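>>> sequence and predicted structure are below.
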Amino acid sequence: MSGEIRHEWPLFEVFVRAKRGLNHVHVGSLRAADHEMALHHARDLYTRRNEGVSIWVVRSDQIAATDPAEKPAFFEPSGDKVYRHPTHYTIPDSVPHI
Amino acid sequence: MTDADTFTQTIERDQRVEPADWMPEGYRRTMIRQIAQHAHSEIIGMQPEGEWITRAPTLRRKAILLAKVQDEAGHGLYLYSAAETLGADRGDLTRRLIEGRQKYSSIFNYPTRSFADVGVIGWLVDGAAICNQVPLCRSSYGPYARAMIRICKEESFHQRQGYELLMTMMRGTPAQRDMVQDAVNRWWWPSLMMFGPPDADSPNTAQSMAWKIKRHTNDELRQRFVDMTVPQAEALGVTLPDPALRWNAEREHYDFGRPDWDELRRVISGDGPLNRQRIARRREADEDGAWVREAAAAHAAKRSGVPA
């Protein structure tokens, strides 16, 4: 804990829902002093032309992410499970609606 | 496969490099420099037109210009956001700009003498920027490419409002038409210089093309801009100030004169008409805003119960 004021505001990631029925999608980041300011800045920065109906902001240092270097080990287990896909199963053409 | 192989393969397959991926130091450095210069250009670019907000001739033109200058600020912030994904720090980049250690586009060092300049900047300067930026939407660095897509959508408004403004002035008095021609005369050559030095003098181009940071050379983009702009000038009823400008049926492109590359070098190295004023204004804005940033941080710390 230091007595001096930090001049740099923390970084926030911004997620915008473009319209009802869609997920929030990551659009970029911004600097703000707190969550409330981050929401206002996000509105001014990322929705100047009605691009959104809802915004989430989250501090960048609060996000946990997978490590790209470990991508193979992390994602490969699903690679050989072809039986999880519908195309794995052969059904005669004569059977309707399946 | 080594990290370097993965990177090379990503580029070769025309896939995007993403923030946490391994990348060569040179790629990271080049990317930070290019994105930062681009961000600085947007921020400094608020000044030449910003000067006309209080003097816009109608409320409609004032609202348009205000929205446009606000967009430039937004573009700067999208780009600083992209630069931060590479480990750069926004505050540090601003310091580098203010201290003259990083550059911005030479075009913003020219003065805006009349309201016609606002129109010509929209038409020519933003037109040239669009030529430069559309291919950057496919740049190999993901966050940069995504910022460019957003920016390009908004630039189209910038160019069209400028052209419409000029059409309105061209329907006006002879004095208004003269203002438009005068602004075109002053901005045409600096606009051509926006694409950078000729390919033969652009040492970084080859590496940037290999990394797919850049998709076309400076001269290719300059030619594309000239070809696009000549018919627009004809439709507007202005003359582009280049006696060498003519259609070349064999090449199927317009031939045009040689920009004054010495002037470009002078302006880039800090000796343009308004370099000092532009940086001084940016420094002033940074200093004037310091207490607001500090107060907001202190307020946030007080409310969260954690000292700043």
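Thanks, I have the structure now.

>>> where along chain B do the helices fall?
Ranges of helices in chain B, per DSSP state H, are B:3-12, B:25-44, B:46-50, B:59-84, B:90-98, B:115-120, B:126-133, B:142-170, B:174-193, B:205-210, B:218-236, B:261-266, B:275-304.

>>> so which of those is nearest A:T47?
Evaluated over those, closeness to A:T47 peaks at helix B:59-84, with 10.5 Å, by Cβ to Cβ. The C-beta positions use only the backbone N, C-alpha and C, and glycine is treated the same way.

>>> now the angle from that closest one to helix B:25-44?
Computed by axes from the mean of the first three to the mean of the last three Cα atoms, to 10 degrees, the angle separating helix B:59-84 from helix B:25-44 equals 160 degrees.

>>> which helices and strands sit right next to helix B:59-84?
Judged by 3 or more Cβ pairs under 8 Å, 6 or more residues apart in numbering or on different chains; DSSP states H and E, the packing partners of helix B:59-84 are strand A:24-31, helix A:35-46, helix B:25-44, helix B:46-50, helix B:90-98, helix B:142-170.

>>> what's the closest non-adjacent residue to A:S29?
Spatial nearest neighbour of A:S29, excluding adjacent residues (Cβ to Cβ, 6 or more residues apart in numbering or on different chains): B:S81 at 4.5 Å.

>>> tell me the contacts of that neighbour?
Residues near B:S81 by Cβ atoms under 8 Å, 6 or more residues apart in numbering or on different chains: A:28-30, B:143, B:147.

>>> mind redoing it with 7 Å?
Taking Cβ atoms under 7 Å, 6 or more residues apart in numbering or on different chains, we find B:S81 in contact with A:28-30.

>>> save the residues you listed as a markdown table, and put in neighbour count and pLDDT too.
Below are the contacts of B:S81 laid out as a markdown table (neighbours: other Cβ atoms under 10 Å in any protein chain shown; pLDDT from 0 to 100):
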| residue | neighbour count | pLDDT |
| --- | --- | --- |
| A:G28 | 24 | 94 |
| A:S29 | 24 | 95 |
| A:L30 | 25 | 95 |
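
>>> burial of the closest residue to B:W247 other than its chain neighbours, as a residue count?
In space, and not counting its chain neighbours, B:W247 is closest to B:Y254: 5.8 Å by Cβ to Cβ, 6+ apart. Using other Cβ atoms under 10 Å in any protein chain shown, B:Y254 has 19 neighbouring residues.

>>> who are the contact partners of B:Y254?
B:226-227, B:230, B:245-248.

>>> now, which of the contacts of B:S81 sits nearest A:V82?
Nearest to A:V82 among the contacts of B:S81: A:G28, at 37.0 Å, using Cβ to Cβ.

>>> and B:L93, how far from B:E287?
Plainly put, B:L93 is 17 Å away from B:E287 if you go by Cβ to Cβ, to the nearest Å.

>>> so between those two, which is more surrounded?
Taking neighbours as other Cβ under 10 Å, B:L93 and B:E287 compare with B:L93 leading, 23 against 10.

>>> what sits closest to the more buried one if chain neighbours are left out?
Once flanking residues are discounted, B:L93 sits nearest to B:A36: 4.9 Å by Cβ to Cβ, 6+ apart.

>>> from B:G272, how far out is the residue nearest the centre of chain A?
Central residue of chain A (Cα atoms, centre = their mean): A:H26, 4.7 Å from the mean position. Computed with Cβ to Cβ, the distance linking A:H26 and B:G272 is 39 Å.

>>> check B:P48 too.
12 Å.

>>> distance to B:R281 for the helices and strands packed on helix B:59-84 - can I get that in CSV?
Formatted as CSV, these follow (distance: least, Cβ to Cβ, whole Å):
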stretch, distance to B:R281
strand A:24-31, 21
helix A:35-46, 22
helix B:25-44, 9
helix B:46-50, 6
helix B:90-98, 10
helix B:142-170, 21
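
>>> tell me the buried residues in stretch B:231-251?
Judged by neighbour count (16 or more other Cβ atoms under 10 Å in any protein chain shown), stretch B:231-251 contains these buried residues: B:232-233, B:236, B:238, B:240, B:242, B:245.
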